[in-house]
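Asks: Sharing a model that was predicted from the sequence below.
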Amino acid sequence: MPCWAAMAPASRPPCPRCWASSNPLPAACGWTAWTRSPTPGKARARLAYLPENVALYEHLSALENADYLLALAGQRRSQATIGEAFAAAGLQRDAWAQRLAGFSKGMRQKVAIAVATLRQVPVLLLDEPTSGLDPRAIADFNRLVSSVRERGGAVLMVTHDLLGAVDVADRLGFLENGRIADDIGAGDSGFDVRTLHARFARPQDEAA
């Protein structure tokens with residue numbers, strides 16, 4: 001059973017509904033993000049979305065990919081700033097100038113995570129962001145998510161990584177058949193991996 005994990009900005013307590021523009025998203029997600037404009041384009045400009053399988057350009061280097069994707073979003077960052085984001089995402093320095101054709105899935109994911117954080121938007125939407133990452137890279141990612149929250153950003157991610165979600169989330173929700181089956185906050189009793197696994201990872205016949 002996948003879960004969604006919500007990380008509220010450090011300066012803002014979690015609330016039961018998420019608003020990404022003038023309309024609420026259909027799923028509760030534990031944080032609030034407002035835009036004053038009802039236009040979808042301006043709302044999208046305040047979001048960064050990271051899919052599980054990111055379409056990056058194999059003939060370009062990691063640095064070139066980041067520079068180009070940021071330019072598409074109307075943003076520019078120095079190579080030093082991009083390098084800092086790569087380092088924070090756990091991408092080795094000797095890979096920054098290499099073409100992505102030789103990258104593993106985990107390395108590509110690190111590039112994509114770095115680009116998402118370089119956008120410096122109020123809200124990050126992440127779909128299985130730790131897919132393909134080794135344990136050390138997952139730890140780097142969790143620290144990166146915490147830093148986004150500390151600078152006032154909010155994060156909503158869908159993940160099967162219960163351990164990582166418990167480490168960083170303010171609130172967890174569990175999805176079943178496309179619906180939220182239950183949700184729990186970090187301050188609630190039972191917000192730990194063992195209890196949550198026992199509660200939500202039962203076989204379907206037992207859960208019924």
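Replies: Looks like it arrived, so ask away. Source: prediction; values computed, not measured.
Asks: quick one: contacts for residue 136?
Replies: Counting by CB atoms under 8 Å, 6 or more residues apart in numbering, residue 136 touches residue 90. (Each C-beta comes from the backbone N, C-alpha and C, glycine too.)
Asks: domain assignment for this protein?
Replies: Domains of the chain are assigned by automatic domain parsing as 1-46+124-208, 56-120.
Asks: Switch the ones you listed over to a markdown table; also include mean pLDDT.
Replies: What follows is the domains of the chain, written out as a markdown table (pLDDT from 0 to 100):
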| stretch | mean pLDDT |
| --- | --- |
| domain 1-46+124-208 | 69 |
| domain 56-120 | 94 |
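Asks: State the helix or strand in which the spatially most central residue of the chain lies.
Replies: The centroid of the chain falls nearest to residue 126 when counting by CA atoms, centre = their mean (3.4 Å). Residue 126 is part of strand 123-127, with elements assigned from DSSP states H and E.
Asks: what comes up buried for the lengthiest helix in the chain?
Replies: Taking DSSP state H as the criterion, the chain has its longest helix at helix 135-150. By neighbour count on 16 or more other CB atoms under 10 Å, the buried set for helix 135-150 is 137-138, 140-142, 144-145, 148-149.
Asks: where exactly do the helices run in the protein?
Replies: Counting by DSSP H, the helices of the chain are 40-44, 62-72, 79-89, 105-118, 135-150, 162-168, 193-200, 204-207.
Asks: most neighbours per residue, which of those?
Replies: helix 105-118 (a mean of 23; mean count of other CB atoms under 10 Å).
Asks: show me what contacts the nearest residue to residue 75 once chain neighbours are set aside?
Replies: Nearest-residue entry for residue 75: residue 119, 6.7 Å, with adjacent residues in sequence omitted and distances by CB to CB, 6 or more residues apart in numbering. Contacts for residue 119 were tallied using CB under 8 Å, 6+ apart; they are 48, 70, 73, 75.
Asks: Let's see that with 10 Å instead.
Replies: Going by CB atoms under 10 Å, 6 or more residues apart in numbering, residue 119 touches 45-50, 69-70, 73, 75, 77, 153.
Asks: for those, which one is nearest residue 57?
Replies: residue 69 (8.7 Å; CB to CB).
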